[in-house]
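**Student:** Structure for the following, please:
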Amino acid sequence: MGETYEYEADSTRMVGYRARPDAPNGAGLVLAPAFAGLRDFEMAQADRFAGLGYDVLAADYYGDGWRTDDRNDAAARMAELQNDRPRLLRRMKGALAQMETAKIGAFGFCFGGKAVIDLARAGDTDGVVSLHGIYDQPPLETRAMPPVLLCHGWQDPLADPEAFAAMAAELEAHCPDWHALALGGTGHAFTNPAQAGSVPGMGYVEASARRSWRAVEAFFADILLA
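**Tutor:** Numbers count the residues shown, from 1 in each chain. Okay, the predicted model is just below:
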């Protein structure tokens, strides 16, 4: 359904994936991939939401469409942006600037979950969903935040209960409309079938994925289409 989509952000050539709907519902979504870059899983989710009527841009935050299957390479590239959160935010804002709809939401996975929460911290979208995201705050001011949904595995080693509590406290202070789906018996990367049993503390959980997708669809319908 979608196709390669080139654009510029932060004075850098980006290569994302654009999935446009056959029957537009008038809203757009920016998708932020996990730390390995834009791969089949994220492109499939872009197609999925385009099928629901959204104009979807699966963003590139590394530049030149960089992606990898090597976890060490991915960790190294992620560390570059982790150490420069303003640059990550600029690149996510560049993706938002490509959207032409009146209302725009954003959702992201893992490191991409962090990226879209940073968009919410900047007050730049109409609604944000983080799926097994990372919650540490950037060295930037948090503004009034739009509606936020956290889909969170309670056993996630990258976002432990203390980190979740800190995120909840930040939301309480800055976001008048937030909620969370906390999933027991669930670790990191639980929405991605390719992650089944790959690393201890991480991996696909079918029931948690199904419940999360139901919540994500309802959230965006309520925030962007109502």
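**Student:** Not counting its neighbours along the chain, what's nearest R67?
**Tutor:** Excluding the flanking residues, the one nearest R67 by CB to CB, 6 or more residues apart in numbering is G37, at 3.0 Å. No exception for glycine: its C-beta is placed from N, CA and C like everyone else's.
**Student:** Give me the neighbour count for the one you found.
**Tutor:** Applying other CB atoms under 10 Å, we find 23 residues neighbouring G37.
**Student:** Local confidence estimate at it?
**Tutor:** Reported pLDDT at G37 in the predicted model: 98.
**Student:** correct me, but it touches W66?
**Tutor:** Yes. Counting by CB atoms under 8 Å, G37 sits close enough to W66 to count as a contact (5.4 Å).
**Student:** list residues touching both of these two?
**Tutor:** Between them, G37 and W66 share these contacting residues under CB atoms under 8 Å, 6 or more residues apart in numbering: D60, R77.
**Student:** Assign a three-state SS to the closest residue in space to R77 that isn't next to it in sequence, would you?
**Tutor:** Across the structure, with CB to CB, 6+ apart as the measure, the residue nearest R77 apart from its sequence neighbours is Y62 (5.8 Å). Of the three states, Y62 takes coil according to DSSP: H, G, I helix; E, B strand; the rest coil.
**Student:** so Y62 touches F35, yeah?
**Tutor:** No. With contacts defined as CB under 8 Å, Y62 does not count as touching F35, sitting 9.6 Å away.
**Student:** element containing R13?
**Tutor:** For R13, the host element (DSSP states H and E) is strand 12-19.
**Student:** now G127: how far from M78?
**Tutor:** Remark: distance between G127 and M78 (CB to CB, to the nearest Å) = 25 Å.
**Student:** The two: which is more packed in?
**Tutor:** Neighbour comparison, G127 and M78: the larger count goes to G127, with 24 against 21 (by other CB under 10 Å).
**Student:** Distance-wise, check that one relative to G105.
**Tutor:** Relative to G105, G127 is positioned 4 Å away (CB to CB).
**Student:** coming back round to it: the residue nearest to R77: neighbour count?
**Tutor:** Burial of Y62, expressed as a neighbour count using other CB under 10 Å, amounts to 24.
**Student:** Backbone dihedrals for it, please?
**Tutor:** Here the main-chain torsion angles of Y62 (degrees, to the nearest 10) amount to phi -90, psi -40.
**Student:** any weak-confidence spans in the protein?
**Tutor:** When residues are selected by pLDDT under 70, those of the chain lie in 197-198.
**Student:** Quick one: the helices in it, in order.
**Tutor:** Along the chain, counting by DSSP state H, helices occupy 40-50, 71-82, 85-96, 111-121, 161-174, 206-220.
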